[in-house]
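Student: Sequence plus the predicted model coming up.
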Amino acid sequence: MMLPRRDPARPNRCVSVPGAAFICRYPRHVNWPDNAANTVAQTLPTAPIAQAEMAASAMIDNQSRAAGDDAYAAFESPESAWRTLTSFAVYRFVVVLVIAVFFWGFRSIPVIGGVSPLLAAAGLSAYMVMSIALILATQLRTPSATIQLSAQVLVDVSMLTLIMHASGGTRSGIGMLLLVSLAAAALVSHGRLAFFHAAVASLAVLFEQLWQFLYGDASAAEFVPSGMLASGYFVVAGLGYTLAAYARGAARVAEKRGVDLANLAQINELVIRDMQDGFVVVDERGVIRQLNPQSAEIVSGLRGSSGRALVDVAPELGRLLAEWRADHERSFSIVRDASSQRDYRLRFVAVGDAAVAPTVVFLEDTSRIRAEAQRMKLVALGRLTASIAHEIRNPLSSINHAAELLEEDSNRTLEDTRLLTIIQENANRLNRLVEEVLYLNRRDRAHAETIDMSAFLPRFVRDYCANEKWPEDAFSVNTQWGVLSVFDRAHLDQVLWNLMRNATRFATMQPGSVRLIVMTKGERVELDIADDGPGVAGETLQHLFEPFFTTDSKGTGLGLYIARELAIVNGATLDYVVEAGADNRGAKFRLSMTRANA
């Protein structure tokens, strides 16, 4: 985005420079909201601002060398100076052509050059050559704009006075053409040189009349129309100066409004870019005109889609927009994007009262809201559990110990054994729940180290089978030698323990029923844990990693959630892999870790 910045060489000028920072003309008149000004100041780093300052200075230096250091004395900007000077020079050339047509085309009517045709012809020829030279000078942009403006007026005054003298003086009416030149010069220069040009033209006319009176046939009475013509020059200069003053005032107001609009546009852009929800503007034809980065994070098809039809990049969203335009009273439930796996709530707002008007689409990320609610719930639960953990664990230890003592009684009946088993299983379940909740408070304490997966996994499987009482042949490990990953060893042990416990709960536990496969993919190490169970139902996929969500009456619902949290802490990802095909039964989880350099 191109934004105005104060020109350091001229404090009252602004130039357009690329960047997100700007310091503009009339800074005291810009109405900044307090928080918005602070936001902009905090958002923009110092380095880009310094670079923008250097770019502005370089641009101003280049313009100064091209247009001349004094070009700004009479003009608001160099570009407008050369544009108006070119128009003025072309107008002069047209006037010379018209006078030449009258002179050489209608010689029988001595309107021009009636007193001295040779002098008139020489003056017209010189005038035409000078007009062409002035046009070329405006294209070359040298010398400066102010010098060229004065040169053009002086050429008009000298040449028109010469032609007027050859045509009989003031009575020829040629001096009236100077009124147009003076008015144009006053407007072009914004009135700063108007009276100087008027004084030069007046002196030229009066001296020509004096010559006619001394050496020609003019009478003293003819000084009156010459004086009136000279007065007219000053009147026109005064009007030009006044109009130029009004024009300058209007330009200042317009510039101030432009700066205010530029400030407001940048603030709006910052607000839209930093919105946590998605924001998409769609015109009446369904073409995307504007969107923020968050919208592409929620609906992956919107990435890089500006200027394209919404229905082409996000068909589901385009269909919902069409339904809403047909019925503005319709509301929509939570929508899930298939690619990003993000849930969002839609809200449409029409811009205008037309039947099919441009529409602003708001995408509220419900996944973020749900995650924030879960985080707050877990924080509160963690604090509660940490404060009463010992109050729970001490009675559990006593219950377990008492059950173990009763189990040693040789006179217990079968009913006593069944009841003791129930006591021990539920006590262990409560203890595991407390352990998992307490683990949430320690998940950010990661101490990464390099782990050889070919040595770690077989040892882990043996320990797991010994503790959980499963046969080792139910597990198969497929890995390459020398595959190194970066992970906290205790965290990796906990992640795999949770995933293995989840797999053994649903697997058939036949030989090779649970498979651990290690693969390398670029700079990542991928570990797949797959089983031959029934897999995960489609309706539970979106809740799979949510805390306290479980399909097992004996589960806590924290295993997969803790596993993913620990993976994130270690710079890894944990996902459920959905594979199509009849041969792909069971569930498969993939842990993608950072690969260590050998």
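Tutor: Received it, and whenever you're ready, just let me know what you need. Residues are numbered from 1 along each chain as shown.
Student: So residue 470: helix, strand or coil?
Tutor: coil (DSSP: H, G, I helix; E, B strand; the rest coil).
Student: roughly how far apart are it and residue 463?
Tutor: Distance, residue 470 to residue 463, by C-beta to C-beta, to the nearest Å: 11 Å. Just so you know, the C-beta spots here come from the backbone N, C-alpha and C atoms, and that holds for glycine as well.
Student: quick one, which of these two is more surrounded?
Tutor: residue 470 (18 against 12; other C-beta atoms under 10 Å).
Student: so what's the closest residue to that one other than its chain neighbours up against?
Tutor: Closest residue in space to residue 470, ignoring its immediate chain neighbours: residue 504 at 6.1 Å, by C-beta to C-beta, 6 or more residues apart in numbering. By C-beta atoms under 8 Å, 6 or more residues apart in numbering, the contact list for residue 504 reads 468, 470, 474, 514, 531.
Student: Just say helix, strand or coil for residue 481.
Tutor: Under three-state DSSP, residue 481 comes out as coil.
Student: do residue 81 as well
Tutor: helix.
Student: do the same with the one 3 residues further on
Tutor: Put simply, residue 84 is helix when judged by three-state DSSP.
Student: Flag the shaky bits of the stretch 401-550 of the chain, pLDDT-wise.
Tutor: Scanning the stretch 401-550 of the chain for pLDDT under 70 picks out 433, 436-445, 539.
Student: residue ranges of the helices in it, please?
Tutor: 414-440, 453-468, 489-506 (DSSP state H, counting those that start in this stretch).
Student: Quick check: mean pLDDT of the helix or strand where residue 94 lies?
Tutor: Element membership for residue 94 (DSSP states H and E) is helix 78-105. Averaged across helix 78-105, pLDDT comes to 86.
Student: in whichever helix or strand comes after it, what counts as buried?
Tutor: Where DSSP H and E defines the elements, the next helix or strand beyond helix 78-105 is helix 117-140. Buried residues in helix 117-140, counted by 16 or more other C-beta atoms under 10 Å: 120-121, 123-124, 126-128, 130-131, 134-135, 137-138.
Student: Let me see the residues that make contact with helix 117-140.
Tutor: Contacts of helix 117-140 (C-beta under 8 Å, 6+ apart): 82, 85-86, 89-90, 92-93, 96-97, 99-100, 103, 110, 112-113, 143, 148, 151-152, 155, 159-160, 162-163, 165-167.
Student: Centre of the chain to it, how far?
Tutor: Centroid separation for helix 117-140 versus its chain: 53 Å, with C-alpha atoms, centre = their mean, to the nearest Å.
Student: and it with helix 78-105, angle?
Tutor: Interaxial angle, helix 117-140 versus helix 78-105 (axes from the mean of the first three to the mean of the last three C-alpha atoms, to 10 degrees): 160 degrees.
Student: Let's see helix 117-140 as PDB, backbone CA atoms only.
Tutor: The C-alpha trace of helix 117-140 is given here as PDB (Å, rounded to 0.1, in the frame of the first residue of the first chain):
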ATOM      1  CA  PRO A 117       4.100  43.500 -42.700                       C
ATOM      2  CA  LEU A 118       7.700  42.500 -42.700                       C
ATOM      3  CA  LEU A 119       8.100  43.200 -39.000                       C
ATOM      4  CA  ALA A 120       4.900  41.300 -38.400                       C
ATOM      5  CA  ALA A 121       6.100  38.300 -40.400                       C
ATOM      6  CA  ALA A 122       9.500  38.300 -38.600                       C
ATOM      7  CA  GLY A 123       7.700  38.500 -35.200                       C
ATOM      8  CA  LEU A 124       5.300  35.700 -36.100                       C
ATOM      9  CA  SER A 125       8.100  33.500 -37.300                       C
ATOM     10  CA  ALA A 126      10.200  34.100 -34.200                       C
ATOM     11  CA  TYR A 127       7.000  33.600 -32.000                       C
ATOM     12  CA  MET A 128       6.400  30.200 -33.600                       C
ATOM     13  CA  VAL A 129      10.000  29.000 -33.200                       C
ATOM     14  CA  MET A 130      10.000  30.100 -29.500                       C
ATOM     15  CA  SER A 131       6.600  28.400 -28.900                       C
ATOM     16  CA  ILE A 132       8.000  25.100 -30.200                       C
ATOM     17  CA  ALA A 133      11.200  25.600 -28.100                       C
ATOM     18  CA  LEU A 134       9.100  26.200 -25.000                       C
ATOM     19  CA  ILE A 135       7.100  23.000 -25.600                       C
ATOM     20  CA  LEU A 136      10.300  21.000 -25.900                       C
ATOM     21  CA  ALA A 137      11.700  22.600 -22.800                       C
ATOM     22  CA  THR A 138       8.700  21.500 -20.800                       C
ATOM     23  CA  GLN A 139       9.300  17.900 -22.000                       C
ATOM     24  CA  LEU A 140      13.000  18.100 -21.100                       C
END
